[in-house]
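Visitor: got a sequence here, can you model it:
(2 chains)
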Protein chains: 2
Amino acid sequence: MTGVLYGLGLGPGDPDLVTLKAAAVLADVSVIVYVTPVTGGEPAPSFARAIAAKHLKGDETEIAIPIVMQDDPEPGQRAYDTAAAEIAIHLDAGRDVAVLCEGDPLLYGSFMYVLDRLKGSHTVVTVPGVSSLAAAAAAANLPLVSRHQSLALIPATLPEGEIRTRLLTADAAAVFKVGRNMPKVKKLLGELGLESGACYVERASLPDGKVMTLTDAPDSPPYFSMVLMTRTETNT
Amino acid sequence: MTGVLYGLGLGPGDPDLVTLKAAAVLADVSVIVYVTPVTGGEPAPSFARAIAAKHLKGDETEIAIPIVMQDDPEPGQRAYDTAAAEIAIHLDAGRDVAVLCEGDPLLYGSFMYVLDRLKGSHTVVTVPGVSSLAAAAAAANLPLVSRHQSLALIPATLPEGEIRTRLLTADAAAVFKVGRNMPKVKKLLGELGLESGACYVERASLPDGKVMTLTDAPDSPPYFSMVLMTRTETNT
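Guide: Residues are numbered from 1 along each chain as shown, chains lettered A, B, ... in the order given. So this is what the prediction gives:
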């Protein structure tokens, strides 16, 4: 019997927003895997590992995947190769392995890099999680879309023209990975007359989470912050 | 002390995809509220109520909001007026009230109609849930978007031209509410050369859930089915 590879969605940060299913997998799994982002030479703690912490037994084998934060994806891909080989050894020995993912595993998650390498040879079960998008909307008590409306999820890292095209054809939008791209996002929403229906959300679901108007939002927010835009009667 | 109004996301259908937070609210709340869709004169059971069932104590006051499924939204709005007035009485008497929502409360959910009526006068806490989008991607083990890619959520009920515009500007898309609009969706994805990267998902996370290629998908699927599209190397 080979083990099962779980892509485990752990939600946006509040450990109580973990699903019962994910908590059950954490209570039972032999091996956990998570990314540790490396900036300035030092690996930072894994956010997904922190969300999972209170649900773990404490006797798991832990595999950290160090990923250097940079534009060149090549070294990262080699780190996933190494991790996938190590994971495969555990699976082949009959041990279940959970890849810990903040938010949902398949929405802007790094689980896809492990999945791609192992789905052909092993049993993979993805456990969906609460996305940071849902958590941001909840923090703002802001209905995003209803009935016949469309929603665009847009990384703020895209070129200005690409963001503009997507904003123009959407009834509502969530702009992700804002960070140092905030001035570009503010400028675009202003030019399109969409400022009044926009709000800024930082660290949704966490005790220090913040919701504010776009005007009040910092120009250099954390990378994992989000701008939500809905069309209001005055900006449609 | 007035009560708290919860917008409670219960996830896509598997009761184990309820969050610990939602389960805790269900174990504690005095009043639950849910929509019962009315077709052909008879209210159908609430899907959200079914997901919540195993987490309930059994002594809650229950408020059903009968919503007739039709294009004219007016009678539905009157039903929400009536429900909101009834909910306000419970809140004012100090009882917590949970509006049960399948998926996430603020993504295509009817919670917004209750929220709009009561947020000015009462304390509202939205508890985000796992969306049917995340569940569909998980069922298909299909990574939707990564890095600098954008995702469009598109109701299949939109006119063909509107769907086309949104598909053209997205790296990946989820087409919702497919139902009898399936022939239109298949035709559009075919014309745009996006068939090979598309798959059909029905009742994701439930025991009778299905994942199949777009070619194999039925022409008249259930309303709550979804088509996921990602651009592959051959259709980019």
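Visitor: the closest residue to residue A:39 other than its chain neighbours: neighbour count?
Guide: The shortest distance from residue A:39 to any non-neighbouring residue, by CB to CB, 6 or more residues apart in numbering or on different chains, is to residue A:69 (5.1 Å). Every C-beta, even on glycine, is put in place using the N, C-alpha and C of the backbone. Burial of residue A:69 is recorded as 11 neighbouring residues (other CB atoms under 10 Å in any protein chain shown).
Visitor: contacting residues around residue A:69?
Guide: Residues near residue A:69 by CB atoms under 8 Å, 6 or more residues apart in numbering or on different chains: A:37, A:38, A:39.
Visitor: so for the helix or strand harbouring the second one, mean pLDDT?
Guide: Put plainly, it is residue A:38. Here residue A:38, judged by DSSP states H and E, is contained in strand A:31-39. Predicted confidence along strand A:31-39 averages 93 (mean pLDDT).
Visitor: who's in contact with that strand?
Guide: Counting by CB under 8 Å, 6+ apart, A:26, A:43-46, A:48-49, A:52, A:56, A:60-69, A:83, A:87, A:90, A:95-100, A:110, A:114 sit against strand A:31-39.
Visitor: tell me the buried residues in that strand?
Guide: A:31, A:32, A:33, A:34, A:35, A:36, A:37, A:38 (16 or more other CB atoms under 10 Å in any protein chain shown).
Visitor: immediately after it, which helix or strand?
Guide: strand A:42-43.
Visitor: the residue nearest to residue A:143 when sequence neighbours are not counted: neighbour count?
Guide: Closest residue in space to residue A:143, ignoring its immediate chain neighbours: residue B:112 at 3.5 Å, by CB to CB, 6+ apart. Per other CB under 10 Å, the neighbour tally for residue B:112 reads 23.
Visitor: I figured residue B:112 hits residue A:141, correct?
Guide: No - using CB atoms under 8 Å as the test, residue B:112 is too far from residue A:141 to be in contact (9.5 Å).
Visitor: OK, contacts around residue A:80?
Guide: Contacts of residue A:80 by CB under 8 Å, 6+ apart are A:65, A:110, A:113, A:114, A:117.
Visitor: is it within a helix or a strand, and which one?
Guide: helix A:74-92.
Visitor: and the contacts of the next helix or strand after that helix?
Guide: Per DSSP H and E, helix A:74-92 leads on to strand A:97-101 as the next helix or strand towards the C-terminus. By CB under 8 Å, 6+ apart, the residues outside strand A:97-101 that reach it are A:3-10, A:25-26, A:29-34, A:46, A:48-49, A:51-52, A:87, A:90-91, A:105, A:109-111, A:114, A:129.
Visitor: quick one: buried ones out of these?
Guide: In those, the ones that pass as buried (16+ other CB under 10 Å) are A:3-10, A:25-26, A:29-34, A:46, A:48-49, A:51-52, A:87, A:90-91, A:105, A:109-111, A:114, A:129.
Visitor: now, those that are in helices?
Guide: Those of the buried ones among the contacts of strand A:97-101 mapping onto helices are A:25, A:26, A:48, A:49, A:51, A:52, A:87, A:90, A:91, A:111, A:114, per DSSP state H.
Visitor: wait, which of these is closest to chain B?
Guide: Closest approach between these and chain B, by CB to the nearest CB: residue A:111, at 7.5 Å.
Visitor: ok, what's across the strand from the most centrally placed residue in chain A?
Guide: For chain A, the residue nearest the mean C-alpha position is residue A:103 (4.7 Å; CA atoms, centre = their mean). Per DSSP bridges, the residues bridged to residue A:103 are residue A:11.
Visitor: quick check: which ranges of chain A have low pLDDT?
Guide: By pLDDT under 70, the low-scoring segments of chain A are A:232-236.
Visitor: re earlier: between residue B:112 and residue A:141, which contacts overlap?
Guide: Common contacts of residue B:112 and residue A:141, defined by CB under 8 Å, 6+ apart, comprise residue B:106.
Visitor: do you have the strands of chain A handy? List them.
Guide: A:4-9, A:31-39, A:42-43, A:61-68, A:97-101, A:123-127, A:151-155, A:172-176, A:198-202, A:210-213, A:225-230 (DSSP state E).
Visitor: mind checking which of these is nearest residue B:209?
Guide: Closest to residue B:209 of these, according to CB to CB: strand A:123-127, at 12.8 Å.
Visitor: the closest one: how far from the chain's middle?
Guide: 18 Å (CA atoms, centre = their mean, to the nearest Å).
Visitor: can it be said to contact chain B?
Guide: Yes - interface with chain B: strand A:123-127 contributes A:124, A:126, A:127 (CB under 8 Å from any CB of the partner chain).
Visitor: which residues does the residue nearest to residue A:206 when sequence neighbours are not counted contact?
Guide: Spatially, and ignoring its direct neighbours in sequence, residue A:206 is nearest to residue A:13 (4.5 Å; CB to CB, 6+ apart). Contacts for residue A:13 (CB under 8 Å, 6+ apart) come out as A:47, A:51, A:102, A:135, A:203, A:204, A:205, A:206.
Visitor: hmm, back to that, for the residue nearest to residue A:39, give me phi and psi.
Guide: phi -80, psi 100 (degrees, to the nearest 10).
Visitor: report the separation between it and residue A:52.
Guide: As judged by CB to CB, to the nearest Å, residue A:69 and residue A:52 stand 22 Å apart.
Visitor: circling back to that earlier point, out of the residues of strand A:123-127 next to chain B, who has the most neighbours?
Guide: residue A:126 (29 neighbours).
Visitor: who does it bridge with?
Guide: residue A:7.
Visitor: check contacts around it.
Guide: A:6, A:7, A:9, A:105, A:106, A:111, A:115, B:137, B:138, B:139, B:141.
Visitor: rerun at 6 Å
Guide: A:7, A:105, B:138, B:141 (CB atoms under 6 Å, 6 or more residues apart in numbering or on different chains).
Visitor: just flag the most distant two among the residues you listed.
Guide: Among the contacts of residue A:126, A:105 and B:141 lie farthest apart (CB to CB), at 9.5 Å.
Visitor: what sits against residue A:211?
Guide: So residue A:211 contacts A:139, A:140, A:201 (CB under 6 Å, 6+ apart).
Visitor: most neighbours among those, which one?
Guide: Result: residue A:201 is most packed of the contacts of residue A:211 (other CB under 10 Å), 27 neighbours.
Visitor: the nearest residue to it once chain neighbours are set aside - how many residues pack around it?
Guide: In space, residue A:201 comes closest to residue A:136 once its chain neighbours are excluded; the distance is 4.0 Å by CB to CB, 6+ apart. Neighbours of residue A:136 under the rule other CB under 10 Å: 29.
Visitor: surely residue A:136 and residue A:202 touch.
Guide: No - using CB atoms under 6 Å, residue A:136 is not in contact with residue A:202; the gap is 8.9 Å.
Visitor: please report how far residue A:132 lies from residue B:111.
Guide: 19 Å.
Visitor: hmm, back to that, okay but the residue nearest to residue A:143 is in contact with residue A:144, surely?
Guide: No - the criterion here is CB under 6 Å, and residue B:112 misses it with residue A:144 at 8.8 Å.
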